[in-house]
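Peer 1: What shape does this take:
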Amino acid sequence: MRRWFSVGLVVLVASVAGLAPSAQASTVRSFDLKYGATYTKGTITFYNRSAKIVGVQRAVRADISGCRYTTFWANPEGGSITTDNTCNGTHEYSFTIELDQPGGPSSIGIYFHYNLPDQDKTVAEAIIKR
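Peer 2: Sure, this is the predicted structure:
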């Protein structure tokens, strides 16, 4: 009984002192960017020092001009990650962007692109705030 009380007290003190695990979710936001019949959509879960992004993107043409990809940027001044190209189908993605500062990302910038042989074009964008 005494041992359980000691462990429980340590966990309580750590939580109150702000030392709780960084995996504690604070906010979940949804996003849905569309361009014609194509899209990228999903959720962003903001954590203390990271953001987990889970979603799916869709493209409707098999040639290179129909391919789509999405870039996610952590703000302020965090890292970024880009999905693989999706051509004529759907592609699910799931990844975490780390931002090693207290509170983690305040927002995530989302940029939905299409791919041409000689250029990329952003066709939809959004800023998702915590």
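
Peer 1: Would you mind measuring from the nearest residue to T82 once chain neighbours are set aside to N48?
Peer 2: Among residues not flanking T82 along the chain, T71 sits closest, at 4.6 Å (Cβ to Cβ, 6 or more residues apart in numbering). From N, CA and C alone the C-beta is placed, and that goes for glycine too. T71 is 24 Å from N48, where distance means Cβ to Cβ, to the nearest Å.

Peer 1: quick one: the strands in the protein?
Peer 2: Residue ranges of the strands in the chain, as given by DSSP state E, are 27-35, 38-46, 50-59, 68-75, 80-82, 89-98, 107-116, 119-129.

Peer 1: With mean neighbour count as extra columns, can I get these in TSV?
Peer 2: Formatted as TSV, the strands of the chain follow (neighbours: other Cβ atoms under 10 Å):
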stretch	mean neighbour count
strand 27-35	14
strand 38-46	20
strand 50-59	20
strand 68-75	22
strand 80-82	13
strand 89-98	14
strand 107-116	20
strand 119-129	13
